[in-house]
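Novice: sequence first, predicted coordinates after that:
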Amino acid sequence: MPELPDLAILADAFHAGLTGRPVLAIQAPGPLTVRGTPHEIDGFVGQCLLRFYRRGKFLWLEFERDRIAVNAMLTGRLQLAATPAVKKPQMTTFVMRFGPRAGGPPADAGAWTAEAAWIPSPEATPELRYRDPTQMGKIYLLPHNVERQVPGAGPDEMGPDADDPELSLAVWRTRIRRHPGELKNLLRNQEFVAGVGNAYSDEILHAARLQPFRKRGTLAAEEIDEMYAATRSVLANAVAVLRERVPPAFEKEVRDFLAVHNRGGEACPRCGHPITQVEAGGFVTSYCRNCQR
Ligand SMILES: [Zn+2]
């Protein structure tokens with residue numbers, strides 16, 4: 001499941017590669033993926049992409065008049081094909097072809113994308129492709145004159161991004177008081193902070209030396225602060241790694257550098273004790289019984 005670091009890379013890359021280009025054509029061979037009508041799909045053709053960004057676990061595409069929101073859920077992946085000739089992944093359910101643009105990347109493109117070889121040339125006609133074997137993810141078409149809910153993306157459903165500079169330690173201490181439950185569920189709760197899911201919650205709790213099933217109410221003040229510091233450092237480190245590792249295969253999820261998640265039975269990188277792994281409701285939780293309290 002893509003989480004904040006995965007989606008941050010995609011948003012930066014697609015903003016750098018596609019913003020400033022007009023939509024040439026859209027195909028939606030996977031009818032379960034798209035929330036919108038064929039007429040609404042046609043309405044995007046000719047509109048220029050102005051901005052591609054991430055908020056929580058959603059990707060947003062802002063065009064001249066209309067918008068699109070993408071919620072990749074469990075298995076949705078996005079590919080940037082420099083030309084339409086690049087082979088399509090299986091179960092591609094949405095394709096947006098873009099035209100040439102006058103200049104290079106937009107002025108506010110992430111510094112790490114500068115001069116990247118994978119940025120399509122100005123005259124190229126690149127494609128944004130969405131593939132989703134389970135078709136659980138959704139692409140919401142949001143024409144300016146259509147009211148359509150994007151579940152999970154409402155202002156009351158999402159707290160600040162876990163990497164938001166405005167989310168200070170003081171704000172974290174205040175927000176966390178409203179959530180008495182288990183720490184792993186707390187980190188995955190998008191109303192608390194947005195962008196963290198099953199994998200990075202394990203990583204954050206390992207870094208903070210806290211047990212995933214402990215209740216927030218049992219934490220000492222310094223443990224709450226430790227969790228904040230770990231959230232920031234784990235996500236920042238993952239983004240740095242993924243910038244190096246992911247491009248140009250944006251459709252691949254790189255997770256092999258994680259410390260504990262999905263590494264049940266392997267040695268804890270901090271203390272060497274075997275990592276414990278439990279599965280509940282189809283979700284894996286991995287942690288070290290020895291060095292996480
Ligand atoms: Zn350990």
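Specialist: Arrived safely.
Novice: what segments of the stretch 151-293 of the chain are helices?
Specialist: Along the stretch 151-293 of the chain, counting by DSSP state H, counting those that start in this stretch, helices occupy 169-176, 183-188, 198-207, 221-245.
Novice: ok, residues contacting the shortest one?
Specialist: I take that to be helix 183-188. With Cβ atoms under 8 Å, 6 or more residues apart in numbering as the test, helix 183-188 has contacts from 176, 179, 192-193, 196-198, 200-202, 204-205, 210-216, 219, 227, 231, 285. Where C-beta positions appear, they are placed from N, C-alpha and C, glycine not excepted.
Novice: closest one to residue 77 among the helices of the stretch 151-293 of the chain?
Specialist: helix 221-245 (13.9 Å; Cβ to Cβ).
Novice: what's the neighbour count on residue 271?
Specialist: As a burial measure, residue 271 scores 12 neighbours (other Cβ atoms under 10 Å).
Novice: tell me where the model's unsure across this structure.
Specialist: Judged against pLDDT under 70, the chain has no low-scoring part.
Novice: make it 80
Specialist: Residue ranges of the chain with pLDDT under 80: 281.
Novice: what residues does it have near the ion?
Specialist: In this structure, the chain approaches the ion at residues 268, 270-271, 273, 288, 290-291, judged by Cβ under 5 Å from the ion.
Novice: tell me the domain ranges of the chain?
Specialist: Domain assignment for the chain by automatic domain parsing gives 4-142, 169-287.
Novice: how far off centre is the last one?
Specialist: The offset between the C-alpha centroid of domain 169-287 and the centroid of the whole chain comes to 15 Å, using Cα atoms, centre = their mean, to the nearest Å.
Novice: tabulate the residues of the chain next to the ion (a markdown table), appending distance to residue 121.
Specialist: Shown next, in a markdown table, are the residues of the chain next to the ion (distance: Cβ to Cβ, whole Å):
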| residue | distance to residue 121 |
| --- | --- |
| 268 | 46 |
| 270 | 46 |
| 271 | 50 |
| 273 | 51 |
| 288 | 48 |
| 290 | 53 |
| 291 | 50 |
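Novice: of those, buried ones?
Specialist: Buried members of the residues of the chain next to the ion, counted by 16 or more other Cβ atoms under 10 Å: 268, 288.
Novice: hmm, back to that, just the helices of the stretch 151-293 of the chain: most buried one?
Specialist: When you average the neighbours per residue for each of those (mean count of other Cβ atoms under 10 Å), helix 198-207 leads with a mean of 25.
Novice: orientation of it relative to helix 221-245 in degrees?
Specialist: Interaxial angle of helix 198-207 relative to helix 221-245 (axes from the mean of the first three to the mean of the last three Cα atoms, to 10 degrees): 130 degrees.
Novice: what packs against helix 198-207?
Specialist: Helices and strands touching helix 198-207, by 3 or more Cβ pairs under 8 Å, 6 or more residues apart in numbering; DSSP states H and E, are helix 183-188, helix 221-245, strand 283-287.
Novice: so which of the helices of the stretch 151-293 of the chain gets nearest residue 121?
Specialist: Counting by Cβ to Cβ, residue 121 lies closest to helix 221-245 out of the helices of the stretch 151-293 of the chain; the figure is 21.4 Å.
Novice: give me the element residue 105 is part of.
Specialist: Under the criterion of DSSP states H and E, residue 105 resides outside all helices and strands.
Novice: show me the strands in this protein, by range?
Specialist: Remark: strands assigned in the chain by DSSP state E are 23-27, 34-35, 49-55, 58-63, 67-71, 77-81, 92-98, 127-131, 138-142, 276-280, 283-287.
Novice: tell me which of the domains of the chain sits nearest to residue 162.
Specialist: Nearest to residue 162, of all the domains of the chain, is domain 169-287, at 4.3 Å by Cβ to Cβ.
Novice: neighbours around the residue nearest to residue 127 when sequence neighbours are not counted, how many?
Specialist: Leaving aside its chain neighbours, residue 127 sits nearest to residue 81 (4.3 Å; criterion: Cβ to Cβ, 6 or more residues apart in numbering). Around residue 81 there are 23 other residues, counting by other Cβ under 10 Å.
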